[in-house]
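Enquirer: Take a look and give me a structure for this.
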Amino acid sequence: MTRSSAAVSAVLLLTIAGDPGVTAQTGGSRPAYSSSATAILVDVVVRDRKGRPMIDLSAAEFEIAEDGVAQKLDSFTRLHHGGGIGVGVAWKTAQKSVAIMPTASSDRPAGTAAENTSEEATTAIVFDHLSSESLSLAQRATLDYVPKSGDSGVRVGVFSTDAGARVLQRYTTDRTLVRKAIQQLVPFGTSVEDQKTERIDDLINRRRELLGEAAATTTLVPSGNAAAISQNTSALGEREMELRQVQTELNMLRSFDDFDRTYKGYDTSLGLLAVVRSLAEYPGRKTIVLFSEGLPASPVLSAKLDRIIDAANGANVTTYVIDANGLRAKSALTNTKKELDTFVEERLGQLASGTNRTEQPLAMGFERVEDTLKLDSRTGLARLAEWTGGFLVEDSNNLASAFRRIDEDNQFHYLLTYSPKNSVLDGKFRAIQVKVRRPGAQVFARKGYRAVASPRGIDAGSYEIPALAMLDRTPLPNAFRVYAAGFTFPDPARPGLTPVIVHVGTDALRFAIDQQRATYSAQAAVVVRIRDGRGRAVETLSQQYVLSGDAKDLEAAKKGEILFYREPDLQSGVYTMETIVFDAIGQQGSARVATLNISKPDASGIDMSSLVLVRRGEDVSNAPSEGAAPLYVGHTLLYPNLGEPIRKSTATELPFYFTLYGSTRGVTARAQLLRNGEAVAEAPVPLAESSGPRLQHVGRIPIDALPLGTYELRIRVTDGTHDVSRTAFFTLQQ
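Expert: Next comes the predicted model:
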C-alpha cells in the first residue's frame, strides 16, 4: 500500500457523522435542421371592402412569405362548418372541407377535389376582471346571442381570470349549460374599486384646495401684532400637516393601485395561457372570445403578453378581444387624461415651491401616466387580437355584429401550409405575410411563429425559446463552464424525489453597459429538459435571471454565481437530463447531458440516496422540518459539488453525504476510493444509530495527501441480506 493510500485509509476509519460544517472549497453555429417534415399551418380569413367573407378564392390567388421571402404553398384547404356559437345563424352549408393540393392536382377543377369531413370548432369565452357595469352588458350581449336551448357542433367553454383560470363551464355543445355558466358570473371587486377611485379624486381635490389656500396667503401680518402672528403660524402649521397627511394617503392608494394592477395582469396572463393550453388539445378551428377592460403593459407583463401570443400562435388559436371599456359611456382615455392632468399639476407645484411635496420621484408620476396609457384598448388588447389573426371590438355596446362576424370566421376560412425555406430552428420569431391577388381583399391571419423544434411553445416562456432551440443543436454548444447534476432521494413519501441543480459563474455572462445611466445588465436562462426512455420530454424546468446594478459594481457582479434548484418527482425508469444555460445578451450558451436512474422503491430492505460530494455548507436559522428538504441536515444546508474541480490549495478535506431509508438497524457501510478503476483505499464508515425510517450521514475524506487526478468514491451499504452502493467522481487540481 502506498503512503497516500495509507493516509486515506487512516482518515476513512475516522469518518465523522453529522459534521457538514467543513467547507470543501471556497468560492473565489446555429442549428441546421431539415424542414422537409416541418409544415407551418396558417389559418386565414379573407373579407372584401364591405366586410363580407370571400368564399370563392383559389390557391393561385394566395401569396405567402416568411420574413419577406416568398414561400411555396404546399396545401390549400377551404373549410366550411355547420354552426357557430349561435345555433342557426350565418352559414347553412354542410359540414365538410374541400382540400386542394396545388402541387399535385393544380390542374384538377376545384369541384373534383377530394372531400373530407372537417373537425368542428372550439370556442372559449373568457371574462377578465370586469366591473359591475361592464360585466352586466357583456353578459347581456352574450346571452342574447347564445340560444336558450339546443346543441351545436361547436364546443363552447366559459372561463374567468379573476383567480388564475377559473373554469365556469367545460367545453360542451349544450347551450343551456353555457348560458347557466355565463349567468353565474359576478363582478370583480366593484365596490372597492369604485370607493378607491372616488377617494383618490377627493384627495386630489383637497390637495388642490390646500395648495390654493397656501398660495393665497400673501398678506403680511404687522410685526407688532403677536396674536395675529401666532394665529397665522398656527393656521400654516395645520394646513401643512393636513397637506402631508393627504399626500401620504394618496401615495398609499397609488402604490396599492400599482400593485393591484400588476396582480390582475398576472392573473390574466396565467388564465389566458391555461385557456390556450386547453384549446390546444382540440382539433379544428380554435377561438378565444375575451372580454377585458385592459391588459397592463409593464415590462414584465408585456413579456407575458408576448408569451401568450407565442402560445396562441403555436397552438393555432385565434383571439377576438372585446374591449369592455367600449361597453360603457366613459371614455377609455378618461383615466389617462386625469393622470396626465395630475402629473402636470404636481410638476408645476414642485417648480413653484422648489420642493417635492409628493415625496415620490418625478419618474413615478410619469410612469403612472405611461402605464395608464398602455391600458388603452389600442395597445395590449389590440396586439393580442391582431397578432393571433383576430380583431378588436371597441367603442360599441352592440355586439350582435361582432358575434356574427366571429361565427362567420369560424364557419368559413382557409388553411394554408408551407415548408419554410429557412430551416434553422434558432428560436427566433418568423414573420408571416399573407396576401390575396384580388382588389379590396382584407386578410386576417396570425403574424408569425417561433422557430422551435417542438410544439411545446404553449408551455415555454419567451426566455425559454432560444435556450431550447440551442439545446436542440448538433453539436451541443459549450461556450463557457456549466455544472449540472440530478440526485435521487427515494423518500417513502416521495420515492421519485429528484433534486436538480445547475451552477454557473456570472463571469461567464456578457454584461451590457448603459453609459448614460451608468448601469450594467445581464440576462441568463437556465432550462433543464428531462426525457424518458422513449425520448419524450416529461419535465421542463426553467428560470430566468436578470442581473443589473451600478456600473461601478460591475467587477463585483462578475464574481457571483447562479444556482438553479428544482425538485421534480419522477416515476421509476431511466431518464436523460438535458441542461442549457443561455446568455441572452451574448447569444451563446453551454449544454450538459446526464443520465438519471430512478429505481423502484424497495419496501423489504434498505434504500439509499445518491452519494453527494459537498462543496460547502451553510447554517440556516429557518430550516424546513425534518425530511421536508433532502439537502438539509438539521439546520445546515448542503451545497453539492456538481463536478467542479477541487483545488488542494484551498481545501484539505472533501465532505460527502448520503441518506439511508428503511430499517437501518444492523446496517453497515464501507467506503472505497478508486483511481483508474483500481482501489487505492478502503475503510468502514461508522453509522449513527437510528430508529426512524431515515438515516442521514455526513463524512469527510482528506485530499491533501492524494496525487492530482480523477477519483471515484464508492459507498457500499448492507444489512446482511440486501446490498446497495452509490458512487461519485471528483477531480483534484493544484
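Enquirer: Helices of the stretch 451-600 of the chain, start to end?
Expert: Taking DSSP state H, counting those that start in this stretch as the test, the helices found in the stretch 451-600 of the chain are 464-471, 554-557.
Enquirer: Pick out the shakiest of those helices, pLDDT-wise.
Expert: Set side by side, the helices of the stretch 451-600 of the chain differ in mean pLDDT, and helix 464-471 is lowest with a mean of 82.
Enquirer: For it, name the packing helices and strands.
Expert: strand 519-531, strand 537-550, strand 573-583, strand 588-598 (3 or more Cβ pairs under 8 Å, 6 or more residues apart in numbering; DSSP states H and E). Glycine gets a C-beta too; all of them are placed from N, C-alpha and C.
Enquirer: Kindly recompute the last result at 10 Å.
Expert: helix 299-314, strand 448-450, strand 519-531, strand 537-550, strand 573-583, strand 588-598 (3 or more Cβ pairs under 10 Å, 6 or more residues apart in numbering; DSSP states H and E).
Enquirer: mind putting the ones you listed in JSON lines, mean neighbour count and distance to V44 included?
Expert: Formatted as JSON lines, those follow (neighbours: other Cβ atoms under 10 Å; distance: least, Cβ to Cβ, whole Å):
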{"stretch": "helix 299-314", "mean neighbour count": "21", "distance to V44": "13"}
{"stretch": "strand 448-450", "mean neighbour count": "21", "distance to V44": "14"}
{"stretch": "strand 519-531", "mean neighbour count": "22", "distance to V44": "33"}
{"stretch": "strand 537-550", "mean neighbour count": "16", "distance to V44": "31"}
{"stretch": "strand 573-583", "mean neighbour count": "22", "distance to V44": "34"}
{"stretch": "strand 588-598", "mean neighbour count": "18", "distance to V44": "36"}
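Enquirer: If you average pLDDT over each of these, which is lowest?
Expert: Minimum mean pLDDT among these: helix 299-314, a mean of 77.
Enquirer: Stretch 71-81: which residues count as buried?
Expert: By neighbour count on 16 or more other Cβ atoms under 10 Å, the buried set for stretch 71-81 is 71, 73-81.
Enquirer: What sits closest to S610 if chain neighbours are left out?
Expert: F487 (4.0 Å; Cβ to Cβ, 6 or more residues apart in numbering).
Enquirer: domain assignment for the chain?
Expert: 1-25+611-734, 40-118+411-454, 455-604 (automatic domain parsing).
Enquirer: and of the ones you listed, who's closest to Q183?
Expert: Ranking the domains of the chain by distance to Q183, with Cβ to Cβ as the measure, places domain 40-118+411-454 first at 15.9 Å.
Enquirer: Average pLDDT for stretch 73-85, rounded please.
Expert: Here the average pLDDT along stretch 73-85 is 71.
Enquirer: Please apply the same query to stretch 656-667.
Expert: For stretch 656-667, the per-residue pLDDT averages 87.
Enquirer: now the end-to-end length of it.
Expert: 19 Å (Cα to Cα, to the nearest Å).
Enquirer: What residues of it count as buried?
Expert: 656-664, 667.
Enquirer: returning to that earlier point: relative to V500, how far out is the residue nearest to S610?
Expert: As judged by Cβ to Cβ, to the nearest Å, F487 and V500 stand 8 Å apart.
Enquirer: so what sits against both of those two?
Expert: Here F487 and V500 have 567, 596 as joint contacts, going by Cβ atoms under 10 Å, 6 or more residues apart in numbering.
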